[in-house]
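*Asks:* Quick one, what's the 3D model for this:
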Amino acid sequence: MFSAELKRTLKNPYSLVLILIVPLVVTTIAIVLFSSFGFLQTKIGILNLDTDPLSRLTVGIVMSLFKGGNISYVSEDYRQKLLNGDLQAVVVIPKDFSRKLYAAQQTELIFIPSPVDLQVSTVMYRTFQSMFEDLNGSPFFDPQVIRYLFSSPGYPAPKLSALEREKVLNLTSLLIPVTVFLSSACVLLAIASGSFQLDEQSKLTELFLSMNVGKFTYVVSKILAYTSVGLTLSMVALLILLRFRVFLITPAMIELIVLNSLFHASVGLIISAVSPNTQVSSMLSVVLTVVSFYFSGSVVPLSSMPTHLQSFARNYPLFLAIYSLRKQQLFEFDVTSDIKKMTLLVVVFVVLSVVAGSSKLRRR
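*Replies:* Numbering: from 1, shown residues only. Purely as a prediction, here's the structure:
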């Protein structure tokens, strides 16, 4: 049953077009959406490790210039605020900041992004980086400006660095979850949502009943077939990324791809099971696709969602997959707890799809 279902899916011209076209369309849309973040209110934390009084004076005067509450001091337990999305980034001022600044040597500020709204952090990082490059050699960072209110040229601007996180803070790394997870979600929702309706139209439902095919076997074969399509699509996307030298694959990537494919295959079959006809199933699949885009955290930043929707988004399997990937990219965290939570949600939806699909077959 599984191989037959998979062959029927791949022979369907509609399915093939979706598999080939959707990743390209999704990536293009993502590029357009990622290019406009001007409306966002960003929050940055400042961690000053330099205990020199001159550093406190310098940083204090700079901090006094910002009255909007977007920049604030943080302590060394800032990481939890980054993980919660309370801050988009933290800038760490090193211990030798004032010594190098007053010696007219280039200093280095460490930029640590949040995994929640990584796209926002990336824009901030690139903006600050270009700003410091433009200010390099200007009198802006001359300590005499602060002490004596006059300036002289030649003082280098601090160099902003994300250390090993540098490779994550670029548009390519943002497109990885979009290409691997969102495009697979779109395709699976589109082709699985009309599965039972297609069987009815082609009289396959009656054939399966006459062959005494078990309801469990019937539905599970569909789940495995569509999951295989999602896995294939995701793996092809990964190979394309590797071809363009994108090496940001984490240890949990394969598990996340499998769970993502299973979830959306199951949701697609649930849509098909509860829909009375093809028109309704198509409409519901479009709605669920929009919902997946919205709650994924890759298109709409979590911090810009209404408060009551943020809790839902944090437990949405697609968001959990992308968030787990980013936590491993940025901090090399153990994401076992996130994977367990996602697995539990996926199991629930797999069971629901089996029950709904079995009822569909029994009614016919």
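
*Asks:* For the rest of this, base every contact and every neighbour count on C-alpha atoms.
*Replies:* Noted.

*Asks:* For Leu198, see how far away the residue nearest to Pro301 when sequence neighbours are not counted is.
*Replies:* In space, not counting the residues next to it along the chain, Pro301 is nearest to Asp117; the distance is 5.5 Å by CA to CA, 6 or more residues apart in numbering. Relative to Leu198, Asp117 is positioned 40 Å away (CA to CA, to the nearest Å).

*Asks:* got the phi/psi numbers for the residue nearest to Pro301?
*Replies:* When quoted as degrees, to the nearest 10, the phi and psi of Asp117 stand at phi -120, psi 70.

*Asks:* dump the residue contacts of it.
*Replies:* Gly85, Gln88, Gly297, Ser298, Pro301, Leu302, Ser303 (CA atoms under 8 Å, 6 or more residues apart in numbering).

*Asks:* Let's see that with 7 Å instead.
*Replies:* Contacts for Asp117 (CA atoms under 7 Å, 6 or more residues apart in numbering) come out as Gln88, Pro301, Leu302.

*Asks:* Beyond the helix or strand that contains Leu83, next helix or strand please.
*Replies:* Using DSSP states H and E, Leu83 maps to helix 79-84. Next along the chain after helix 79-84, taking DSSP H and E as the criterion, comes strand 89-93.

*Asks:* Within its sheet, name the partner strands of that next one and how each one runs.
*Replies:* strand 44-48 (parallel), strand 108-113 (antiparallel) (DSSP bridges).

*Asks:* nearest to Phe132, of those strands?
*Replies:* strand 108-113 (10.6 Å; CA to CA).

*Asks:* can you pull out the helices in the stretch 251-364 of the chain?
*Replies:* 253-274, 278-295, 307-314, 317-331, 336-363 (DSSP state H, counting those that start in this stretch).

*Asks:* so which of those comes closest to Pro113?
*Replies:* helix 317-331 (7.9 Å).

*Asks:* Can you tell me which of the helices of the stretch 251-364 of the chain is most buried?
*Replies:* helix 253-274 (a mean of 25; mean count of other CA atoms under 10 Å).

*Asks:* what angle separates it from helix 278-295?
*Replies:* Helix 253-274 runs at 150 degrees relative to helix 278-295, counting by axes from the mean of the first three to the mean of the last three CA atoms, to 10 degrees.

*Asks:* Show me what helix 253-274 is packed up against.
*Replies:* Counting contacts by 3 or more CA pairs under 7 Å, 6 or more residues apart in numbering; DSSP states H and E, helix 253-274 packs against helix 183-192, helix 195-201, helix 215-243, helix 278-295, helix 317-331, helix 336-363.

*Asks:* Name the residues that touch it?
*Replies:* 181, 184-185, 188-189, 192-197, 223, 226-227, 230-231, 234, 281, 284, 318, 321, 325, 343, 346, 349-350, 353, 356-357, 360.

*Asks:* what angle sits between that helix and helix 317-331?
*Replies:* 170 degrees.

*Asks:* quick check: mean pLDDT across the helix holding Leu83?
*Replies:* For helix 79-84, the mean pLDDT works out to 88.

*Asks:* Buried residues in that helix, which are they?
*Replies:* For helix 79-84, the neighbour count (16 or more other CA atoms under 10 Å) marks Arg79, Lys81, Leu82, Leu83 as buried.

*Asks:* Now tabulate these in JSON lines and tack on distance to Val290.
*Replies:* Listed next are those as JSON lines, based on distance: CA to CA, whole Å:
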{"residue": "Arg79", "distance to Val290": "31"}
{"residue": "Lys81", "distance to Val290": "29"}
{"residue": "Leu82", "distance to Val290": "27"}
{"residue": "Leu83", "distance to Val290": "25"}
